[in-house]
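Peer 1: kindly return the folded structure for what I paste below:
(chains A and B)
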Amino acid sequence: MLIIGVFVIYPIFAVVYYSFTSYDIVTPPVWVGLDNYAKLLNDQTFWQALLHSFTYLLVVPILIVLCIALAILVNRKVPGINAFRAIYYIPVISGSVAIGIAWRLILDTNGLLNSLLLAMKIINEPVQWLAEPNYTLPIAMLLTTWMGLGYYMMIFLAGLQNIPKERYDAAQIDGCNSFQKHWYVSVPGLRPQMSFVLIISSLAAIEVFNEVFILFGPSGGLLNSGVTIVLYLWQQAFRLQHAGYASALAIALLIITMGFSILNMRRIEREEVVG
Amino acid sequence: MTSSTPLPRKSGGKLRRIAGNTFLYAILTLVAIITAFPFVWVLATSLKGPTDAIYSVPPQLIPHQPTLDNYRRVWDQLPIASFFLNSIVVSVITVAVNLLFTSLAAYPFAKMNFRGRDAIFFLLLATFVVPPQLTQIPSFVMAVNVFRYYDTLFAVIFPSLATVFNIFLLRQAFKAVPNDLIDAARIDSTGELRIWWSILMPVVRPSLATTAIITFGNQWNDFFWPSLMLHTRSKMTLQVGLVALQGMFTSDMRGIAAGVVMTVIPIIIFFLALQRQFERGISGTM
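Peer 2: Residues are numbered from 1 along each chain as shown, chains lettered A, B, ... in the order given. A predicted model of the protein is given here:
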């Protein structure tokens, strides 16, 4: 409890305080009132980062749909299915650093993707995948999706295995084909898992850092094309030693995640009332 | 919910089932290629000799001159062994202390009645919403100014010795234990600590395993905080070391690939050995 107090509860108050100060971590903080927040509202990069973080939320529906489909596939009891599950899970356990590096080898200008596309004559000259601002966010989001597949698949798989078999039998008696069976039985049966995945994957999307950092480095891609809120916070706090300003950023992030959670809780409550 | 007799299959054609299975395997294999191929490519690259092209049109997967030189080079220039040792030390200590602390903290929330219990628990749960990066600014300040453990392994371990998530997980597990067991012990005036240790802990062993696995995985793969704390090569964990390696071998793709393979293989073996428990662990979080 003490540790949580020191590393979770206390920091919240500390950040609120720092956000009203100018602080470089070394010398004591100086009270500057609302200056940081005023600066935040006029900071183009902040708005850009905000936009990027919200764009990142697109991975959530993609992940949910793909992972439910995948979970239904691997829920079959056919020989070798465990090996497939294991393979799908490898990206989850490998750690985002190793994965980021692996993908860099593929996406590099002298990487595999370019040589494949050149060999197939789809492109005529190498594309600078990692140095093209328009591709920064989509590539990072693709990586997030790829990394999340196995994990969320497992969650949905666990959910599927809790659905009573009788419901499928009933659907079959009603003349459902196998697609309808999953649409009317599996999907509603996975509702608790969907809420869970929705919450954690959207929080993860809003707070994304590793993927962008490892693919595009501390700058977050050319022309800030991949700067997300957390990356910007990291730059401000730990690169430029603007702990005060970074704290204001953190508070902005907290307000967003709180808003999200309240929305989610409302939705869950409503669903429970409806049934 | 009425009958449990197996229903006759509506469409029993054997041919159709074979066709369906072929289709299923085709999709499964496609997804497997998408998930595994980057690793295969890294492995191939790491084994390539100096005359094997990293980049060619069309791409070359199999090295003509396979060599372990890349591994030797990385191993000689970076303390990979210490990276490993550091990661193991950090993860094992974190797991062990977490199991002890969070199960102790979870017990009163689940099985004891005291004023404000639910309020405190709700407050704890509310901290879920707090982005971890927010707490890291003051944690960083404390690491430098208060605890003065900047650039030590202890700095990586200390803040994660107990997590709200684990308390929540174990509280759910304790709650599921029938009260009769505990009441009987209380009538015998067994101390609460003994009830916790000798009655509850053995019962919730599967949940403890889940907690251990999740904590281990998180700590092993954690990058953000360790990268802030660790700057001396010999003190780095694997994740931080890998980034250092990437910086050191910038244009040496073979070397970088060898480093990645060396760090990923052990965790994959670990996972394959515990696949069952992993899968149970994931479903346990629900």
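
Peer 1: avg pLDDT for stretch A:223-241?
Peer 2: For stretch A:223-241, mean pLDDT rounds to 82.

Peer 1: centre of the chain to that stretch, how far?
Peer 2: Relative to its parent chain, stretch A:223-241 has a centroid offset of 17 Å by C-alpha atoms, centre = their mean, to the nearest Å.

Peer 1: for the stretch 151-275 of chain A, what lies in contact range of chain B?
Peer 2: Proximity of the stretch 151-275 of chain A to chain B (C-beta under 8 Å from any C-beta of the partner chain) is limited to residues A:151, A:154-155, A:157-159, A:161, A:164, A:166, A:169, A:172-173, A:192-193, A:196, A:203, A:206-207, A:209-210, A:214, A:230, A:233-234, A:237-238, A:243, A:246-247, A:250-251, A:253-254, A:257-258, A:260-261. Any C-beta I mention is one placed from the backbone N, CA and C, and that applies to glycine too.

Peer 1: among those residues, the buried ones, what's the ChimeraX command?
Peer 2: Here is the ChimeraX command that selects the buried residues among these (16 or more other C-beta atoms under 10 Å in any protein chain shown):
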select /A:151,154,155,157,158,159,169,172,193,196,203,206,207,209,210,214,230,233,234,237,238,243,246,247,250,251,253,254,257,260,261
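
Peer 1: so of the residues of the stretch 151-275 of chain A next to chain B, which ones are in helices?
Peer 2: A:151, A:154-155, A:157-159, A:161, A:166, A:169, A:172-173, A:192-193, A:196, A:203, A:206, A:210, A:214, A:230, A:233-234, A:243, A:246-247, A:250-251, A:253-254, A:257-258, A:260-261 (DSSP state H).

Peer 1: tally up the residues packed near residue A:76, please.
Peer 2: 11 (other C-beta atoms under 10 Å in any protein chain shown).

Peer 1: over to the closest residue to it other than its chain neighbours: give its phi and psi.
Peer 2: Leaving aside its sequence neighbours, residue A:76 sits nearest to residue B:24 (C-beta to C-beta, 6 or more residues apart in numbering or on different chains; 6.5 Å). Main-chain torsions, residue B:24, degrees, to the nearest 10: phi -60, psi -50.

Peer 1: surely residue B:24 touches residue A:74?
Peer 2: No. Under the criterion of C-beta atoms under 8 Å, residue B:24 makes no contact with residue A:74, lying 9.6 Å away.

Peer 1: out of the two, which sits in the busier spot?
Peer 2: Legend: neighbour count by other C-beta under 10 Å for residue B:24 and residue A:74, higher for residue A:74 (21 against 16).

Peer 1: how close does the residue in the stretch 151-275 of chain A positioned nearest to chain B get to residue A:74?
Peer 2: The stretch 151-275 of chain A approaches chain B most closely through residue A:158 (3.1 Å), counting by C-beta to the nearest C-beta. Counting by C-beta to C-beta, to the nearest Å, the separation of residue A:158 from residue A:74 is 12 Å.

Peer 1: cool, and residue A:204?
Peer 2: The gap separating residue A:204 from residue A:74 is 22 Å, by C-beta to C-beta.

Peer 1: distance of residue B:109 from chain A?
Peer 2: Residue B:109 sits 10 Å away from chain A, going by C-beta to the nearest C-beta, to the nearest Å.
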